[in-house]
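**Student:** Curious how this folds, go ahead:
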Amino acid sequence: MNLATNNESYFQTRAIANKTISDLTKKFLNFEAISMQYVIMIKEFYEHPEKFKLENSPKIPDGSPIGSAFCNYNPN
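**Tutor:** Numbers count the residues shown, from 1 in each chain. Alright, predicted model coming up:
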């Protein structure tokens, strides 16, 4: 949704993002609780795009990445 609403995104990027959102709506029409919530969110997104807020990505925590070989380096 960030890509679909970002004016700095290329036209092609916004088009692909909007198509993907539309495809997800069709996929989630099985009326399970979580699927229904996604459909509601997407419908709200298209009916009131001005309410959509771009979310900032969380900051990566300091330290070595999880799974880094340097975390358990043994010089022996």
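**Student:** okay, and for this protein, where does confidence drop off?
**Tutor:** Applying pLDDT under 70 to the chain picks out residues 28-31, 64-76.
**Student:** Now with 90, please.
**Tutor:** Counting by pLDDT under 90, the chain has low-confidence residues at 1-9, 18, 21-76.
**Student:** Need the single longest helix in it, by residues.
**Tutor:** Longest helix in the chain by number of residues (criterion: DSSP state H): helix 11-27.
**Student:** Show me what the next helix or strand after that helix packs onto, helices and strands only.
**Tutor:** Sequence order places helix 33-47 as the next helix or strand after helix 11-27, per DSSP states H and E. Other elements packing on helix 33-47 under the criterion 3 or more C-beta pairs under 8 Å, 6 or more residues apart in numbering; DSSP states H and E are helix 11-27. Placement of C-beta: from N, CA and C, glycine included.
**Student:** go again using 10 Å as the cut-off
**Tutor:** Applying 3 or more C-beta pairs under 10 Å, 6 or more residues apart in numbering; DSSP states H and E, one finds that helix 33-47 makes contact with helix 2-5, helix 11-27.
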